[in-house]
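Novice: Need coordinates for the following:
(chains A and B)
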2 protein chains.
Amino acid sequence: MDLLKERIIADGRVLGTDILKVDGFLNHQIDVELIQEIGREIHRLYKDCGVNKILTIEASGIAIACFTAQFFHVPVLFAKKNRSANIPNDVYSVRVSSFTHKKSYDVIVSKRYIGPEDRILIIDDFLAEGNALEGLIRLIQDAGAEVVGAAIAIEKAFQPGGERIRQKGVRVESLARIASMSETEGIRFLP
Amino acid sequence: MDLLKERIIADGRVLGTDILKVDGFLNHQIDVELIQEIGREIHRLYKDCGVNKILTIEASGIAIACFTAQFFHVPVLFAKKNRSANIPNDVYSVRVSSFTHKKSYDVIVSKRYIGPEDRILIIDDFLAEGNALEGLIRLIQDAGAEVVGAAIAIEKAFQPGGERIRQKGVRVESLARIASMSETEGIRFLP
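Specialist: Just a heads-up that it's a prediction; the model follows:
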């Protein structure tokens, strides 16, 4: 998606070879018009797939999920990061390791809001190691629902998550796929 | 706002005299059409106030803030809850005590995205004790920006936050103000 790639080039900041800061328009300050266009593009990709619910994870996925859901006319469900030692028994829960934050946390969704009747599109802002996305896929499967696919704003395609999840047969669409990046040479996208 | 009040009556669940669960449509699963209407109403209330940015706090406020921002055509900034011991020096930071979760946390926003040129509308899903809202007000003031007012979906008007903040001269508009609630007698709204 050219609009997103151009914005990443213009306003993204690369730190080292691994960190891309896009907090000016995507995951701290939110450029609403841009995210609307991202939602429109995700809808174009998945509009014929019978999606009846969108699942994301707090907090950075919520804006993209909401603007996408406007086009699908379906509800958004956002998984929560459980920070207490106890997990309530009315939720589906999965343990996720965060590569960025070097720790693990439990991701939960209420059993009230997901079930075998659901055909779910997963949305997130970033895909890198793929642990969060794999966790969401497992949650959906635990609930007996169907994973239609995943839509990601920015994929670090030089990290293994996207490839590993696609090899499992899950459709993953990323709007900007970064082949490599560095402070000196900038950002290169996959075609 | 009648649409919201009707939905709270239909789908909200009161636990004890203090907890209102609205996770079926507001802060876990999100009814996108409802939140769009909430955004439209908030815009009606504040449209002539020169708002150029919307500030909320992760995670439950993000959806309402985004749908409201569509009507204003302004960016959303969502404050983050800092969970590490260290606070970076490029953020404004304020300590907030959470009544619900019985603990304190730091709320931060990047200094890049807020400054004296900003006229800010604060949005959140709930107002009860008012600690989070007061924290956001202080962050805005620390940045030298102006607080235009606050828009809240549901105010527990039997708790002191709303009254205390209004007495300081901040405009606070809540779309559903709960006078009292209990498991046996249900929910009563202020007129």
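Novice: Report the beta-bridge partner residues of the residue nearest to A:Y46 when sequence neighbours are not counted.
Specialist: Leaving aside its chain neighbours, A:Y46 sits nearest to A:L121 (5.6 Å; criterion: CB to CB, 6 or more residues apart in numbering or on different chains). No exception for glycine: its C-beta is placed from N, CA and C like everyone else's. Here A:L121 sits in beta bridges with A:I54, A:G149, going by DSSP bridges.
Novice: all strands of chain A, in order?
Specialist: A:13-15, A:19-21, A:29-30, A:53-57, A:76-82, A:91-98, A:103-110, A:119-127, A:146-156, A:172-182, A:186-189 (DSSP state E).
Novice: Hey, what's the angle from the fourth one to strand A:91-98? Just curious.
Specialist: By that I understand strand A:53-57. Orientation check (axes from the mean of the first three to the mean of the last three CA atoms, to 10 degrees): strand A:53-57 against strand A:91-98 gives 50 degrees.
Novice: Show me the contact partners of strand A:53-57.
Specialist: A:62, A:64-65, A:68-69, A:72, A:74-79, A:81, A:107, A:109, A:114, A:118-124, A:132, A:136, A:139-140, A:145 (CB atoms under 8 Å, 6 or more residues apart in numbering or on different chains).
Novice: Narrow those to those that are buried.
Specialist: Listed as buried from those are A:62, A:64-65, A:68-69, A:72, A:74-79, A:81, A:107, A:109, A:114, A:118-124, A:132, A:136, A:139-140, A:145; burial here means 16 or more other CB atoms under 10 Å in any protein chain shown.
Novice: quick one, what contacts the residue nearest to A:G50 when sequence neighbours are not counted?
Specialist: Nearest residue to A:G50, sequence neighbours excluded (CB to CB, 6+ apart): A:R119, at 5.0 Å. Residues near A:R119 by CB under 8 Å, 6+ apart: A:C49, A:G50, A:V51, A:N52, A:K53, A:A145, A:E146, A:V148.
Novice: any idea of the pLDDT on the nearest residue to the third one once chain neighbours are set aside?
Specialist: It refers to A:V51. Sequence neighbours aside, A:L121 is the residue nearest to A:V51 in space, at 4.5 Å (criterion: CB to CB, 6+ apart). At A:L121, the pLDDT value in this model is 98.
Novice: check contacts around A:L121.
Specialist: So A:L121 contacts A:42, A:46, A:49, A:51, A:53-55, A:68, A:72, A:148-151 (CB under 8 Å, 6+ apart).
Novice: Over to A:R112?
Specialist: A:R112 sits in contact with A:D90, B:D23, B:G24, where contact means CB under 8 Å, 6+ apart.
Novice: So for it, what pLDDT did the model give?
Specialist: So A:R112 comes in at 97 (pLDDT).
Novice: same thing with A:D18?
Specialist: 89.
Novice: do the same with A:L4
Specialist: The per-residue pLDDT of A:L4 was computed as 98.
Novice: my guess is it meets A:A153, correct?
Specialist: Yes. With contact defined as CB atoms under 8 Å, A:L4 reaches A:A153; the gap is 6.6 Å.
Novice: Pull up the overlap in contacts between the two.
Specialist: Joint contacts of A:L4 and A:A153 (CB under 8 Å, 6+ apart) are A:I38, A:L175, A:A176.
Novice: gap between the last one and A:E183?
Specialist: According to CB to CB, to the nearest Å, A:A176 stands 19 Å off from A:E183.
Novice: A:D2: what's it in contact with?
Specialist: Contacts of A:D2 by CB under 8 Å, 6+ apart: none found.
Novice: before we move on, what about A:N82?
Specialist: A:N82 sits in contact with A:V91, A:S93, A:Y105, A:D106, A:V107, A:I108, where contact means CB under 8 Å, 6+ apart.
Novice: tell me, which of those make contact with chain B?
Specialist: Applying CB under 8 Å from any CB of the partner chain, the subset of those adjacent to chain B is empty.
Novice: Give me the lowest-pLDDT entry from those.
Specialist: A:Y105 (91).
Novice: which regions of chain A lie under the pLDDT threshold?
Specialist: Residue ranges of chain A with pLDDT under 70: A:100.
Novice: Alongside chain B, which residues does it contribute?
Specialist: A:23-24, A:28-33, A:35-36, A:58-59, A:62-63, A:66-67, A:69-70, A:73-78, A:80, A:83, A:109-110, A:112-113.
Novice: Buried among the residues you listed? Make that a ChimeraX selection.
Specialist: Filtering the residues of chain A next to chain B down to the buried ones (16+ other CB under 10 Å) takes a single ChimeraX command:
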select /A:23,24,28,29,30,31,32,35,36,58,59,62,63,66,67,69,70,74,75,76,77,78,80,109,110,113
